[in-house]
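**Student:** how does the following fold in three dimensions:
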Amino acid sequence: MLRRTKIVATLGPACSDPKVLDKMIECGVDVVRLNFSHGTRDEHQQRCELVRSLAKTRGRAVGVLVDLQGPKIRIGKFKDGRITLKPGDQFILDANCELGDQNRVGLDYKQLVNDVARGATLLLDDGRIEMWVEEVQGGEVHCKVIQGGDLSNNKGINRKGGGLSASALTEKDIEDIKTAAAIKADYLAVSFPRSAADIQQAREILRAAGGRAWIVAKIERAEAIEELESILEASDAIMVARGDLGVEVGDAAVPALQKRMIRLAREHNKVVITATQMMESMISSPIPTRAEVSDVANAVLDGTDAVMLSAETAAGKYPVEAISAMHRVCLEAEKEYDSMAGARGIDHGFLRVDEAIAMSAAFTALHLNVKAIAAMTQSGSTALWMSRISTHVPIYALTPEVETRRKVTLFRGVYPVNFKPSTNERDQLLTEAEDELRRRGAVRNGDLILLTIGEPIGKPGGTNTMKIVRVGEHKKA
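**Tutor:** Numbering: from 1, shown residues only. Have a look, this model is predicted:
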């Protein structure tokens, strides 16, 4: 049984062994995430090359997602590594402090003193520590501790409700974008964007460096929620980054926002990844909690394209088991999703012929006993549009373009096929596509399949033909 929801796995020390990484690919990883918050350029390049080599050996396409670090909105370090704060304590966030103590700590994010005033609430270490700002004096933010606990080096800072002015792209990010272009990353994730302008800037830098990756906007700021539709329009995909987002807007708001973001992404023909703590307990446990199973399943039922593992595969004890568990949960949830497949229909007009053909094909497959869709595509757009309609029918993206095959690894229900036809003659091309699906065991004689193609053949963006054929009868057509 084919799994339609894709799995993104973060690479790190836990999967540095090629044997472990190969096992992860065997167990079903579709896209690997290179987290540029850690590691060197050379390390990321070596991991990318290893993934592609292992995937090629297995005859698979595996996408590569580069995740930019974004602004370091963090405290500095403590003299003794950590302190313990109690409710009612006075504490200073000091832009000029070198090493912190029980009373104050430095700031990697010096701009904080200009972003807050009396009455602001600051959340440190993913919301575990809460402070109320009493006043700002020069480079010092004087706070009263509301919720205490242990506080250690370099923990993150969020402002409740948003409002921190840090630019989405730092100097490090700009250099890392050039690295992403050099390794030919398939996706580039922009951390902490506040507006469409941040996405456009990243795209311009990437294109200038020769990169062709699709841009993923990580929705993790309160401001990004207010600008969600414009950010969606500017990007190719979004990530529901529930960690920092939950701190800024409150944890109770995240589930409804997740559903809204997934729905809007599908409506705008964008890809959507659901991330953060999906199977967090598997960092140290070989099995997930029941709550984590429900979390993954609900994301699948919401219609997400992909679910993501972070520390579970990067630093956990059970990276292979985490992927296997996620695979099982997705498959089970998709059985239920099938029963709701007809709930989404076509209710808007089209401006492009190829989009109309793609959506018509998906809609036809949904209401006809079609076993497979074969989309002959150069860019992958036809397959993406088809995947926006909920259907149990597998979509095979037949393309000679290796970059396209790697991109479609993130599209829900789409499977890349290396297809290099021997001819540009349409009928012979369709016959070869049918034969390829039969060779792969996707269809057999007597099955209905739906094929889409563009004429003139080989021209990107030219899908303008849909044909329904019964396997084994093409010679009679």
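**Student:** any stretches of the stretch 301-450 of the chain with poor pLDDT?
**Tutor:** 337-349 (pLDDT under 70).
**Student:** where do the helices sit along it?
**Tutor:** Assigned helices in the stretch 301-450 of the chain, in chain order: 311-314, 319-338, 353-367, 381-387, 402-407, 426-439 (criterion: DSSP state H, counting those that start in this stretch).
**Student:** got those as a markdown table, with distance to Leu107 and mean neighbour count columns?
**Tutor:** Every C-beta, even on glycine, is put in place using the N, C-alpha and C of the backbone. Compiled in a markdown table, the helices of the stretch 301-450 of the chain are given as follows (distance: least, C-beta to C-beta, whole Å; neighbours: other C-beta atoms under 10 Å):
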| stretch | distance to Leu107 | mean neighbour count |
| --- | --- | --- |
| helix 311-314 | 25 | 25 |
| helix 319-338 | 34 | 20 |
| helix 353-367 | 48 | 20 |
| helix 381-387 | 42 | 27 |
| helix 402-407 | 39 | 22 |
| helix 426-439 | 58 | 17 |
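**Student:** of those, which is nearest Gln46?
**Tutor:** helix 311-314 (15.5 Å; C-beta to C-beta).
**Student:** and the closest one, what other elements does it pack with?
**Tutor:** strand 6-10, helix 319-338 (3 or more C-beta pairs under 8 Å, 6 or more residues apart in numbering; DSSP states H and E).
**Student:** which strands border the first one, and is each parallel or antiparallel?
**Tutor:** What that stands for is strand 6-10. Using DSSP bridges, strand 6-10 pairs in its sheet with strand 31-35 (parallel), strand 306-309 (parallel).
**Student:** just to revisit the earlier point, any chance of the helices of the stretch 301-450 of the chain in TSV, plus distance to Lys86?
**Tutor:** Below are those laid out as TSV (distance: least, C-beta to C-beta, whole Å):
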stretch	distance to Lys86
helix 311-314	29
helix 319-338	37
helix 353-367	58
helix 381-387	52
helix 402-407	51
helix 426-439	65
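**Student:** nearest to Gly59, of the ones you listed?
**Tutor:** Nearest to Gly59, of those and by C-beta to C-beta, is helix 402-407 at 11.3 Å.
**Student:** against Ser191, how distant is the residue nearest in space to the middle of the chain?
**Tutor:** Nearest residue to the geometric centre of the chain (C-alpha atoms, centre = their mean): Ile273, 3.7 Å. Using C-beta to C-beta, to the nearest Å, we find Ile273 at a distance of 13 Å from Ser191.
**Student:** what touches both of the two?
**Tutor:** Residues touching both Ile273 and Ser191 (C-beta atoms under 8 Å, 6 or more residues apart in numbering): there are none.
**Student:** count the residues that sit near Gly161.
**Tutor:** Per other C-beta atoms under 10 Å, the neighbour tally for Gly161 reads 12.
**Student:** just the strands in the stretch 51-200 of the chain please.
**Tutor:** 63-67, 77-78, 82-85, 90-94, 99-100, 104-105, 121-124, 129-137, 140-147, 149-152, 157-159, 187-190 (DSSP state E, counting those that start in this stretch).
**Student:** using CSV, lay out the ones you listed together with mean neighbour count, distance to Glu436 and mean pLDDT.
**Tutor:** Listed next are the strands of the stretch 51-200 of the chain as CSV, based on neighbours: other C-beta atoms under 10 Å; distance: least, C-beta to C-beta, whole Å; pLDDT from 0 to 100:
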stretch, mean neighbour count, distance to Glu436, mean pLDDT
strand 63-67, 27, 21, 98
strand 77-78, 19, 57, 96
strand 82-85, 16, 59, 96
strand 90-94, 20, 61, 97
strand 99-100, 19, 62, 96
strand 104-105, 23, 61, 98
strand 121-124, 21, 53, 96
strand 129-137, 17, 57, 97
strand 140-147, 19, 59, 98
strand 149-152, 15, 55, 96
strand 157-159, 23, 50, 94
strand 187-190, 27, 26, 98
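**Student:** of those, which is nearest Thr452?
**Tutor:** strand 63-67 (22.4 Å).
**Student:** what is the neighbour count of Ser195?
**Tutor:** Using other C-beta under 10 Å: Ser195 sits among 18 other residues.
**Student:** what does Gly81 give?
**Tutor:** Neighbour number of Gly81 under other C-beta under 10 Å is 9.
**Student:** hmm, it is touching Ser152, no?
**Tutor:** Yes. Shown here, Gly81 and Ser152 form a contact pair, counting by C-beta atoms under 8 Å, at 6.1 Å.
**Student:** ok and whichever strand or helix holds the residue nearest to the centre of the chain relative to strand 63-67, angle-wise?
**Tutor:** Ile273 belongs to strand 271-275 when assigned by DSSP states H and E. Angle of strand 271-275 versus strand 63-67, following axes from the mean of the first three to the mean of the last three C-alpha atoms, to 10 degrees, is 60 degrees.
**Student:** what residues go with each domain of the protein?
**Tutor:** 6-70+167-339, 77-159, 353-476 (automatic domain parsing).
**Student:** just how off-centre is the last one within its chain?
**Tutor:** Average the C-alpha atoms of domain 353-476, do the same for its chain, and the two points are 24 Å apart (C-alpha atoms, centre = their mean, to the nearest Å).
**Student:** hang on, the earlier thing: can you put the helices and strands packed on helix 311-314 in JSON lines and add distance to Thr431?
**Tutor:** Below are the helices and strands packed on helix 311-314 laid out as JSON lines (distance: least, C-beta to C-beta, whole Å):
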{"stretch": "strand 6-10", "distance to Thr431": "30"}
{"stretch": "helix 319-338", "distance to Thr431": "30"}
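**Student:** who wins for proximity to Ser230 among the ones you listed?
**Tutor:** Of the helices and strands packed on helix 311-314, nearest to Ser230 by C-beta to C-beta is strand 6-10, at 24.9 Å.
**Student:** out of the strands paired with strand 6-10, which is the most enclosed?
**Tutor:** Among these, ranked by average contacts under mean count of other C-beta atoms under 10 Å, first place goes to strand 306-309 (a mean of 26).
**Student:** how about the CA coordinates for it, as CSV?
**Tutor:** Provided in CSV are the C-alpha atoms of strand 306-309 (Å, rounded to 0.1, in the frame of the first residue of the first chain):
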residue,chain,number,x,y,z
ALA,A,306,4.2,16.1,4.8
VAL,A,307,5.0,15.5,8.4
MET,A,308,8.4,16.2,9.8
LEU,A,309,10.8,14.7,12.3
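**Student:** list the contacts of the strand holding Ile273.
**Tutor:** For strand 271-275, contacts defined as C-beta under 8 Å, 6+ apart pick out 8, 214, 216, 236-242, 258, 261-262, 265-266, 299, 302-308, 310, 384, 410-411.
**Student:** report the buried residues of that strand.
**Tutor:** Across strand 271-275, burial judged by 16 or more other C-beta atoms under 10 Å covers Val271, Val272, Ile273, Thr274, Ala275.
**Student:** quick check: Leu99 vs Pro394, distance?
**Tutor:** 58 Å.
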